[in-house]
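Asker: Here you go, sequence then predicted model.
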Amino acid sequence: MLGFWFRIPLWQRVIGALVLGVLAGVFWGPDATGIKWIGDFFIKAIKMLVVPLIFVSIVGGVASIGDLRKLGAVGWRAFALFIITSQGAVWLGLALGTLFAPGVGVDTSMIERGPTPQPNDATAIDMILSIVPESPVGVMADAQVLPLIVFALLVGIGTVMAGEEGGPVVRLFDSGAAVMQKVTSIVMELTPFGVFALMAWVAGTLGQDALFALAKLVALNYLGCLLIIGLFYVSLIRLVAKLPIVDFFRGIVDAIAVAYSTASSAATLPVTLRCTQRNLGVSRSTSSFVVSLGATINMDGTAMYLGLATLFGAGLFGIDLSMADYVLISVLATVGSIGAAGIPGAGLIMMALVFGAVGVPLETIAFVAGVDRIMDMMRTATNVTGDATVTTTVAALTGEIDRREMISADDI
Ligand code: ASP
């Protein structure tokens, strides 16, 4: 029985749970609230991962950026492209969220709300002071994400500056990241149960409007990702790298398929490497450096989604956001996408960072968690396409690509 359960790929179990959850919710009506605790259990387990995951992946990420100096031309170009595309992606998410207002119109009075953070009361000076961790341990204990990121960045920079002596710490964090990925995959096994309970709760207590709002969010997530690929990546490959589009996508189709089905950039890494080297002719050194760095810090689909989801939550609970809030979201969503590990559900975890800063209730997370996996699959496919795009573009700009090795339409 257990063998049968685990033989079905996780994503199929999750989609089955989603459909059954909606049906159960329609059938049970408001009684479905009785099983919401299973969803809360799942979300709590994900939250448990936030602090250790952010900490190990940011320190590890910065430690690998330390190599940028060694790689000179390649490194800085890659880093600049990562940041520019992430920023473009968040603003695209914000534009879609503003234009289509997916969360507006749902009656959320049934949702019990915990205390909502009130960031707007704080002055600019308070905000600057609040990002300095008074005690790193206290910050971790209270899961204060922003000061935690600051501390992690400093530790990362310190490791790079320590050079050889910092080596053992780098290895410790690399191994910590590997262990945390395993812990995450254990928690992810709870997904089908959490998704079932959360969808039943949403469908049963909040009704059709809520389901419609979620469907709109999923559709916008797919649209946003397709726009990132169709506008940003196609332009980079065509106009900057000056390579044929069809050949490029043909070359990375395996990586896209693996990313979509695993919802993990990290798990897709070996396939992305193989595709960029074998099918696109990118040199070994450039591809291994840029693709691995990209899998950790470059997540445009996630950045776009964080912007979109924040506006979804704001619409759901009628929170007005100012232009200054949008700018704050754009910065935090970029930081969040850098801090997110390349594993399933990482984008969901990062929502807490952005929501808390602009006063969007954290209950939004329980609301969207039921449909997160299907959005995650598309986000990850976008993230991986972005890694391959930046790698190929940088390689083309620095002469690290052998165009004769690029598979062309004629070879197939
Ligand atoms: N699952 C995504 C990835 O691995 C991150 C996310 O959840 O958005 O790239």
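Answerer: Here it is on my side, so go on.

Asker: Every contact and neighbour count from this point should use C-alpha atoms.
Answerer: OK.

Asker: what packs against the helix or strand containing Ile54?
Answerer: Assigned by DSSP states H and E, Ile54 belongs to helix 36-65. Using 3 or more CA pairs under 8 Å, 6 or more residues apart in numbering; DSSP states H and E as the contact definition, the elements that helix 36-65 packs against are helix 145-161, helix 167-188, helix 191-201, helix 284-297, helix 323-339, helix 346-358, helix 363-397.

Asker: mind running it again at 7 Å?
Answerer: helix 145-161, helix 167-188, helix 191-201, helix 323-339, helix 346-358 (3 or more CA pairs under 7 Å, 6 or more residues apart in numbering; DSSP states H and E).

Asker: Turn the ones you listed into JSON lines, including distance to the ligand.
Answerer: Putting the helices and strands packed on helix 36-65 into JSON lines (distance: least, CA to the nearest ligand atom, whole Å) gives the following:
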{"stretch": "helix 145-161", "distance to the ligand": "17"}
{"stretch": "helix 167-188", "distance to the ligand": "11"}
{"stretch": "helix 191-201", "distance to the ligand": "13"}
{"stretch": "helix 323-339", "distance to the ligand": "7"}
{"stretch": "helix 346-358", "distance to the ligand": "4"}
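
Asker: just those: most buried one?
Answerer: A comparison of those by mean neighbour count, using mean count of other CA atoms under 10 Å, puts helix 191-201 on top with a mean of 29.

Asker: quick one: the helix holding Ile54 near the ligand?
Answerer: No. Helix 36-65 is not in contact with the ligand by CA under 6 Å from any ligand atom; minimum separation 11.7 Å.

Asker: In that helix, which residues are buried?
Answerer: Buried residues in helix 36-65, counted by 16 or more other CA atoms under 10 Å: 36, 38-39, 42-43, 46, 49-51, 53-65.

Asker: Stretch 227-247 now?
Answerer: Residues of stretch 227-247 classed as buried by neighbour count (16+ other CA under 10 Å): 227-229, 232-234, 236-237, 241, 243, 247.

Asker: Tell me the secondary structure at Asp107.
Answerer: Under DSSP: H, G, I helix; E, B strand; the rest coil, Asp107 falls in the coil class.

Asker: For it, which non-adjacent residue is closest in space?
Answerer: Leu206 (7.0 Å; CA to CA, 6 or more residues apart in numbering).

Asker: Which residues of the protein lie near the ligand?
Answerer: 263-265, 302, 342-347, 376, 379-380, 383.

Asker: okay, these in TSV with pLDDT next?
Answerer: TSV is the format used below for those (pLDDT from 0 to 100):
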residue	pLDDT
Ala263	86
Ser264	86
Ser265	87
Thr302	96
Gly342	81
Ile343	81
Pro344	83
Gly345	85
Ala346	85
Gly347	89
Asp376	93
Arg379	96
Thr380	95
Asn383	97
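
Asker: And Val155, how far from Gly166?
Answerer: According to CA to CA, to the nearest Å, Val155 stands 10 Å off from Gly166.

Asker: what residue ranges in the stretch 101-250 of the chain score low on pLDDT?
Answerer: For the stretch 101-250 of the chain, the stretches with pLDDT under 70 are 110-124, 126-127, 145.

Asker: again, 90 this time
Answerer: 101, 103-136, 138-167, 169-191, 194-195, 198-199, 201-211 (pLDDT under 90).

Asker: Distance of the residue nearest to Asp107 relative to Val19?
Answerer: Distance from Leu206 to Val19, by CA to CA: 16 Å.

Asker: Show me what the helix or strand where Ala215 lies is packed up against.
Answerer: Using DSSP H and E, Ala215 maps to helix 207-227. Judged by 3+ CA pairs under 7 Å, 6+ apart, helix 207-227 is in contact with helix 363-397.

Asker: between the helix it packs on and helix 191-201, how many degrees?
Answerer: Here helix 363-397 runs at an angle of 130 degrees relative to helix 191-201 (axes from the mean of the first three to the mean of the last three CA atoms, to 10 degrees).

Asker: for helix 363-397, packing partners?
Answerer: helix 73-100, helix 191-201, helix 207-227, helix 245-262, helix 265-274, helix 284-297, helix 300-316.

Asker: Which positions in the fifth one come out as buried?
Answerer: For helix 265-274, the neighbour count (16+ other CA under 10 Å) marks 265-269, 271-274 as buried.

Asker: Kindly confirm my reading that Glu134 is in a strand.
Answerer: No. Counting by three-state DSSP, one finds Glu134 to be coil, located in no strand.

Asker: Just give the number of residues close to it.
Answerer: 11 (other CA atoms under 10 Å).

Asker: next one: Ile8
Answerer: Neighbour count for Ile8, taken as other CA under 10 Å: 10.
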